[in-house]
Structures are given as structure tokens and as C-alpha cells.
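[1] structure of the sequence below:
(one chain, ligands or ions: 1)
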Amino acid sequence: MFEIVSFFHYWLNRVDEHSLHSPFVYNLFTEVISRPNAKDNEIEFLRQQLRYSKKAIEVVDFGAGSKLTKKTNRSIGGIAKHASTPSKFSRFLSKTIDHFGFCNIVELGTSLGLNALYLSQNQNTQVTTFEGDPTIAQLAQGHFEAFGRKKVNTIVGNIDSTLPQYIDALNPIDLAYLDANHRYSPTLNYYELIQPMTHDKSMIVIDDIHWSKEMNKAWLELKDRPEVTLSIDLFEAGLLFFDPKLEKADYILKF
Ligand SMILES: C[S@@+](CC[C@H](N)C(=O)[O-])C[C@H]1O[C@@H](n2cnc3c(N)ncnc32)[C@H](O)[C@@H]1O
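    Alright, predicted model coming up:
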């Protein structure tokens, strides 16, 4: 219910390029948000194969879990269908990487690795992706190897402990995509660890900001932080920018 009401609010308030006065946001909207990269046939073929897989695996979920099932025995098909970053959003992130020339990318929540395959399309990127469940991480690792993605590093374990352990080595972070533990405190904690490792031109993406009341609360607080100069709500996720040269603004954009 919360997501439906939130979507209605988003739908009523979202704007497109005709309402944008900031040149930075106008460019971002016209060149990236409304024109995500094309579908990658190989990644989409893998997505389809995974969606049809009935193979079941035992999973350990360190996050907020699924709204659809509390079972620890899940089919790979179910994970691919319900817990993967949608293709359009992955293609938007891939376009963002090309547009801004991002190199050092961090993803919290690897799952089967479909999104990390898009994040690592550009050969200049070094992707570090974090996953709690060892079986899922192993499947993702297999996909990275099959696609020859040598610059994807998978860190396995609960992000609550792995992120503090690895954070110094990730400096400087150009793009961070938080798509793991969809809860209020972990979201704020992960942001607190990551943000000091970013720079003026970085972007932090918080996924599923309208998934629940607590995620919405986390989003409202994060976009209000003094270091955030620009925030953009795409419903699927929220984007945070830190460039002091940008005029402080908060947008809801059509995606
Ligand atoms: C929504 S899925 C990520 C989807 C992924 N970005 C993709 O390519 O489709 C979230 C993932 O985060 C993992 N996760 C959730 N909380 C975690 C935590 N505290 N530590 C490590 N992994 C976690 C889950 O196991 C799950 O695989």
C-alpha cells in the first residue's frame, strides 16, 4: 500500500525537461535519464535463462528480505524475477558511467550479478560489489567469469562487517549504488561510510527509496544532508550529488 501511495505522489509530481532550468539537470535528463543505454543482448539472454530456472538454493538474507516470501529456500528464477535490478535502471546506470566518465564503482547487493554486468560494460570501470549470501555470490562470480569481466571484485559477507573492512581501499568512489539492506539504519550507516570516500563529482544512488516507510524516511533525511547539493527522485531510486558548484535543489523526474 505504501508503495502504491508513493507512486501516485511521484506520478503527480514528476517533471520532464520542460520544467528544468538547471543546465546540469537538463543535460542529465535529456542525455542520460530519458536515454538509457541500449539493452545488451547477452546480459538480457542470461536474465531470461535465470528467470526460467526452477533450481532452488538455500539463501541467507542479511537484509530486509523479500516482500513476497520469507522462505530461505528460493528458486533462482524467483531471485532473477523479483530481486534483480530492472534492466532499464541498470542501463541508466551504465549510461551514467559513460556520461560522467566514472571509473571506481561500488555496488552493495550483487545478487546474481546482472546489474554488475551492466556496471562493468565500460572497460574503464573497476567494480567492487558486495553480497552476503555465498551461494548467490558464487553464481554471480560465474557470470562475471563467463562474460570475461576481470575488473569486477566480489566481496562476500554481511556488509555490516565487510564494508567497514574494505572501505579505505575503495577510495575514491565515483559511483556508489546501495541496493542491499533496504532498512533505515543500515542505509544511513552505509551512506556514512561511503560518502567520505566520494568527491565533488561523485554520485550516490539509493535504491528502493519508496519500498517502505523506513526507506522513505532514510531518503528524506539523506537528501537533506548539508553535503548534498542536488537530489533526484526517479521513484526506482534516488540520486545524490555533492558538487558545491551546483545550486541546491531537489527534483522528482520522469523515468
Ligand atoms: C535487491 S538484491 C540486489 C540486486 C542486484 N543489484 C542485481 O544485480 O540485480 C539485494 C541483495 O543484497 C544482499 N544483501 C542484503 N542485505 C545484505 C547485507 N547486510 N550484507 C550483504 N548482502 C546483503 C541480498 O542477499 C541480495 O542478494
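[2] and the helices in the stretch 101-250 of the chain, which stretches?
    114-119, 134-146, 159-166, 184-194, 213-223 (DSSP state H, counting those that start in this stretch).
[3] which bits of the protein sit near the ligand?
    Those residues of the chain that sit near the ligand, judged by C-beta under 6 Å from any ligand atom, are 61-63, 83-85, 109-111, 113-116, 130-133, 136, 158-160, 179-181. No exception for glycine: its C-beta is placed from N, CA and C like everyone else's.
[4] in strands, which of the residues you listed fall?
    The strands, defined by DSSP state E, take in 130, 131 from the residues of the chain next to the ligand.
[5] please check the residues of the chain next to the ligand and keep the buried ones.
    Neighbour counting with 16 or more other C-beta atoms under 10 Å marks 61-63, 83-85, 109-111, 113-116, 130-133, 136, 158-159, 179-181 as buried within those.
[6] contacts only, for residue 167.
    If you count contacts by C-beta atoms under 8 Å, 6 or more residues apart in numbering, residue 167 has them with 193, 194, 197.
[7] quick one: the residues you listed as TSV, columns for neighbour count and pLDDT too.
    As requested, the contacts of residue 167 are exported to TSV (neighbours: other C-beta atoms under 10 Å; pLDDT from 0 to 100):
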residue	neighbour count	pLDDT
193	17	98
194	19	98
197	17	97
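[8] looking at those residues, which is nearest the ligand?
    residue 193 (12.7 Å; C-beta to the nearest ligand atom).
[9] just checking, the closest one touches residue 163?
    Yes - with contact defined as C-beta atoms under 8 Å, residue 193 counts as touching residue 163 (5.5 Å).
[10] nearest spatial neighbour of residue 31, skipping sequence neighbours?
    Once flanking residues are discounted, residue 31 sits nearest to residue 99: 6.3 Å by C-beta to C-beta, 6 or more residues apart in numbering.
[11] apologies, that question was intended for residue 222.
    residue 191 (5.9 Å).
[12] in terms of pLDDT, where does that neighbour sit?
    Listed pLDDT for residue 191 reads 98.
[13] residue contacts, it?
    Going by C-beta under 8 Å, 6+ apart, the list of residues near residue 191 reads 178, 204, 206, 222.
[14] nearest to residue 142 among those?
    residue 178 (24.3 Å; C-beta to C-beta).
[15] of the contacts of residue 167, closest to residue 215?
    Closest to residue 215, out of all of those and judged by C-beta to C-beta, is residue 194, at 16.7 Å.
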